[in-house]
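Engineer: attaching a predicted model along with its sequence, questions to come.
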Amino acid sequence: MSANDNPDQLVLSSDNLHPANLIPELCASFYRLGWVTGTGGGICIRTGDKVYIAPSGVQKERIQPSHIFVLPYPQPSPHADRVFLRRPALELKESACTPLFWNAFELRDAGSCVHTHSQNAVMATLLWSGDVFRISHQMIKGVRISGTGSALSYLDTLEVPIIENTPNEEDLKDSMAEAMKAHPNAAGVLVRRHGVYVWGKDWEKAKTQTECLDYLFEIGVKMKLAGVPTVLNA
Ligand SMILES: CSC[C@@H](O)[C@@H](O)C(=O)COP(=O)(O)O
Ligand SMILES: [Zn+2]
């Protein structure tokens, strides 16, 4: 039976690397890192013309492949109601982060986007009171220019824009897009008192970039608290 006859086929696969299997596995591992506790955070994956998205407001470490939404990319109309190729049978709603994940697809041609509530990211937004987090002379080689380009060097200064939080996730879409346009080299966007969005060409790169940035937020916060400058002149 094809996915046209039965949309559930879009999330049923014995392949561990199928997005509908990967999203639950990755969310469970992010939960153990403290990135997606309390139902927050998540990851979405785009493979060409299909986007796989987790449900909203659920324990992210307990998602099943059958809970995954599948959407066409691009959407037929940005102004009309969201179109789905497959919805879960349960009464679930797609992640509130969907419009923000879409920013990563449209503005960076990303294949995946991670959202965390990591306390390292949140602390960075508290200690950097302006609109950019900066750090240099650290192991920033894992981070890619614009998130999808070539790798940064030890001698580069990493800059991650910070936007202000809003009560509703969806309302971050425009300010996130503005920050991405104003900082074309940025590999992610921090959200003050909330967390971070990080994207990559595919789920592996989005995951490893998030790991690199989280490491840099953590060490940057420790340096700042210890009174050590986080940016050195070249
Ligand atoms: C703990 S609520 C946080 C949400 O509003 C949002 O910021 C979030 O990270 C996850 O949204 P969700 O719709 O559950 O995927
Ligand atoms: Zn969030």
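Structural biologist: Great, that's in hand. Ligands and ions are numbered 1, 2, ... in the order given.
Engineer: need the contact list for the most centrally placed residue in the chain.
Structural biologist: Nearest residue to the geometric centre of the chain (C-alpha atoms, centre = their mean): Val114, 2.2 Å. The contact partners of Val114, by C-beta atoms under 8 Å, 6 or more residues apart in numbering, come to Phe30, Trp35, Gly41, Gly42, Ile43, Tyr197, Val198, Trp199, Ala206, Lys207, Gln209, Thr210. Where you see a C-beta, it was placed from the backbone N, CA and C, and this is true even at glycine.
Engineer: tell me which element it falls in.
Structural biologist: Applying DSSP states H and E as the criterion places Val114 in strand 112-116.
Engineer: which of the contacts of Val114 come close to ligand 1?
Structural biologist: Filtering the contacts of Val114 for proximity to ligand 1 (criterion: C-beta under 6 Å from any ligand atom) leaves Gly41, Gly42.
Engineer: for the longest helix along the chain, packing partners?
Structural biologist: Of all the segments assigned as helix in the chain under DSSP state H, the longest by residue count is helix 203-225. Contacts defined by 3 or more C-beta pairs under 8 Å, 6 or more residues apart in numbering; DSSP states H and E place helix 203-225 against helix 19-32, strand 42-47, strand 112-116, helix 119-127, strand 132-136, strand 188-191, strand 195-200.
Engineer: give me that answer again for 10 Å
Structural biologist: With contacts defined as 3 or more C-beta pairs under 10 Å, 6 or more residues apart in numbering; DSSP states H and E, helix 203-225 has these neighbours: helix 19-32, strand 42-47, strand 112-116, helix 119-127, strand 132-136, strand 157-163, strand 188-191, strand 195-200.
Engineer: of these, which is nearest Thr230?
Structural biologist: strand 132-136 (4.6 Å; C-beta to C-beta).
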